[in-house]
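> whatever this is, show me its structure:
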Amino acid sequence: MTAFTLGRKTIINEGAMEYDWVRQLVNEGTEKDNAICSIQKCFGGDQETALIFYKIAVGDCSPGVLLTHLSITDWQDSDVYQQPRRYDNLQ
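Down below sits the predicted model:
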């Protein structure tokens with residue numbers, strides 16, 4: 001497994017282009033498994049990390065879940081949403 005290459009600032013920014021890219025994949029009809037594979041290829045990490053990143057992008061979980069999974073401990077001092085944002089325009 002390669003290290004996940006995105007840092008805390010990107011992870012907590014749900015408007016980051018990395019999340020927008022995943023939302024674009026979804027809007028274009030990319031299957032979930034293929035999107036997760038693409039996330040893992042682009043940003044490293046394991047399959048679970050890519051799945052959590054995907055879920056954040058589509059509004060199914062908050063960035064804090066990924067930060068906890070990655071053991072990034074200083075995230076509680078930042079503006080991380082307790083509830084995930086909803087992106088209702090996604091299929």
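> host element of Glu18?
helix 17-27 (DSSP states H and E).
> so for that helix, what's the average pLDDT?
If you average the pLDDT over helix 17-27, you get 97.
> which outside residues touch the helix or strand following it?
Sequence-wise, the next helix or strand downstream of helix 17-27 (DSSP H and E) is helix 32-43. The contact list for helix 32-43 (C-beta atoms under 8 Å, 6 or more residues apart in numbering) reads 4-6, 18, 22, 25-26, 30, 46-47, 49-51, 53-54. Bear in mind the C-beta positions are built from the backbone N, C-alpha and C, glycine included.
> the same query, at a cut-off of 7 Å, please.
With contact meaning C-beta atoms under 7 Å, 6 or more residues apart in numbering, helix 32-43 is reached by 4-6, 22, 25-26, 47, 50-51, 53-54.
> and after it, which helix or strand comes next?
helix 47-57.
> next, the buried residues of that following helix.
Neighbour counts over helix 47-57 (16 or more other C-beta atoms under 10 Å) mark 49-57 as buried.
> still on that earlier bit, from the chain's centroid, how far away is the helix holding Glu18?
How far helix 17-27 lies from its chain's middle: 10 Å, per C-alpha atoms, centre = their mean, to the nearest Å.
> so which bits of that helix are buried?
Of all the residues in helix 17-27, those buried under the rule 16+ other C-beta under 10 Å are 18-19, 22-23, 25-26.
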